[in-house]
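[1] Sequence and computational prediction follow.
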Amino acid sequence: MRTTYLVCYDIANDKRLRKVFKACKNYGDHLQFSVFECDLSEIEKARFEAELRDLIVHTEDQVMFVRLGPSEGRGERVISAIGIPYVTMDAPCYVF
């Protein structure tokens, strides 16, 4: 069974930030600067977490997985926003 997760991160170093962004892009859809929606099997989630563990510094960085429930039978995804309207992001990670 696949489960949908919001994956959110706060990375303290620009080089690690780019690596985490690229890893997340391999597993899900980019929703906002540091937020991805990922539909993962248990094995994919374990592999993804292991990859992220190797990329981050555990005393400086944070990656959160927010479980949204089963992917199947969820119905249409509805995202609303307050302020700037939500638009699908397909942009690279820019760090200045």
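    Perfect, I can see it now. Values in this document were obtained by computation on a predicted structure and should not be read as measured data. Numbers count the residues shown, from 1 in each chain.
[2] Confirm that residue 38 sits in a strand.
    Yes: in this structure, residue 38 lies within a strand as judged by DSSP: H, G, I helix; E, B strand; the rest coil.
[3] residues contacting the residue lying closest to it once chain neighbours are set aside?
    Take residue 38 and drop its neighbours on the chain: the residue closest to it by Cβ to Cβ, 6 or more residues apart in numbering is residue 28, 3.2 Å away. C-beta here means a position set from N, CA and C on the backbone, and glycine is covered the same way. Residues near residue 28 by Cβ atoms under 8 Å, 6 or more residues apart in numbering: 5, 7, 36, 37, 38, 39, 40.
[4] Roughly how far does residue 28 sit from residue 44?
    For residue 28, the distance to residue 44 (Cβ to Cβ, to the nearest Å) stands at 10 Å.
[5] Next: residue 19.
    18 Å.
[6] Neighbour count: these two, which is higher?
    Higher neighbour count among residue 19 and residue 44: residue 19, with 18 against 15, using other Cβ atoms under 10 Å.
[7] so how many other residues sit close to residue 18?
    Residues near residue 18, counting by other Cβ under 10 Å: 16.
[8] which SS state does it fall under?
    Classification of residue 18 using three-state DSSP returns helix.
[9] where does it sit relative to residue 11, distance-wise?
    From residue 18 over to residue 11 (counting by Cβ to Cβ), the distance is 9 Å.
[10] do residue 71 as well
    On the measure of Cβ to Cβ, residue 71 and residue 11 end up 26 Å apart.
[11] Alright, that wraps it up for me.
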